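Colleague: got a structure for you, letters missing:
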């Protein structure tokens with residue numbers, strides 16, 4: 001992992017918990033919903049790291065049979081495409097959860113997002129993708 005990506009991942013993880021625009025206000029979300037959102041974001045980070053592993057495998061020709069399943073970024077994405085897509089998608093998801101969905105609807109949406117992301121992470125794992133963070 002290059003120094004640039006170490007810094008980028010560190011910055012994303014640090015700012016995700018401290019940036020007011022990415023964090024729900026206590027009066028807006030229930031504690032349980034905040035925990036669910038944290039779980040969702042953790043799964044998103046794992047999925048991103050697994051996708052980076054797939055990109056590395058594709059470049060090294062160690063697993064050329066693996067292709068990205070997300071049609072928005074294509075079967076052979078770059079790291080930049082993955083990060084931009086994940087960032088934009090998660091900003092839109094947060095905006096939807098924070099401003100357009102309330103109460104039980106938010107909780108159901110979070111459970112659905114967690115389920116879909118967990119299935120994706122599990123599928124990636126079953127295809128031999130893993131993740132690691134080396135500092």
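Modeller: Done, it's in. For clarity, every value in this text was computed on a predicted model and none was experimentally measured.
Colleague: which of the three states applies to residue 63?
Modeller: Local secondary structure at residue 63 is given as coil here, using DSSP: H, G, I helix; E, B strand; the rest coil.
Colleague: so who does the residue nearest to it when sequence neighbours are not counted touch?
Modeller: Distances taken as C-beta to C-beta, 6 or more residues apart in numbering put residue 57 closest to residue 63, at 3.9 Å, once the chain neighbours are dropped. No exception for glycine: its C-beta is placed from N, CA and C like everyone else's. If you count contacts by C-beta atoms under 8 Å, 6 or more residues apart in numbering, residue 57 has them with 63, 64, 66, 129.
Colleague: and residue 57, what's its pLDDT?
Modeller: For residue 57, the pLDDT comes out at 88.
Colleague: can you give me the helices in the protein?
Modeller: Using DSSP state H, the helices assigned to the chain run over residues 3-18, 31-60, 79-99, 103-126.
Colleague: taking the centroid of the chain, which residue is nearest it?
Modeller: The chain has residue 44 as the residue nearest its centroid, 2.0 Å off, counting by C-alpha atoms, centre = their mean.
Colleague: surely that residue meets residue 86?
Modeller: Yes. Residue 44 lies in contact with residue 86 (C-beta atoms under 8 Å); the separation is 6.5 Å.
Colleague: rewinding a little: possible to save the helices of the chain as TSV with distance to residue 71?
Modeller: Converted to TSV, the helices of the chain look like this (distance: least, C-beta to C-beta, whole Å):
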stretch	distance to residue 71
helix 3-18	24
helix 31-60	14
helix 79-99	11
helix 103-126	14
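Colleague: least confident of those helices, on average?
Modeller: Comparing these by mean pLDDT, the weakest confidence falls on helix 3-18, with a mean of 58.
Colleague: before we move on, the earlier item: only the buried subset of the contacts of residue 57, as a PyMOL command please.
Modeller: The following PyMOL line selects those of the contacts of residue 57 that are buried, judged by 16 or more other C-beta atoms under 10 Å:
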select buried, resi 66+129
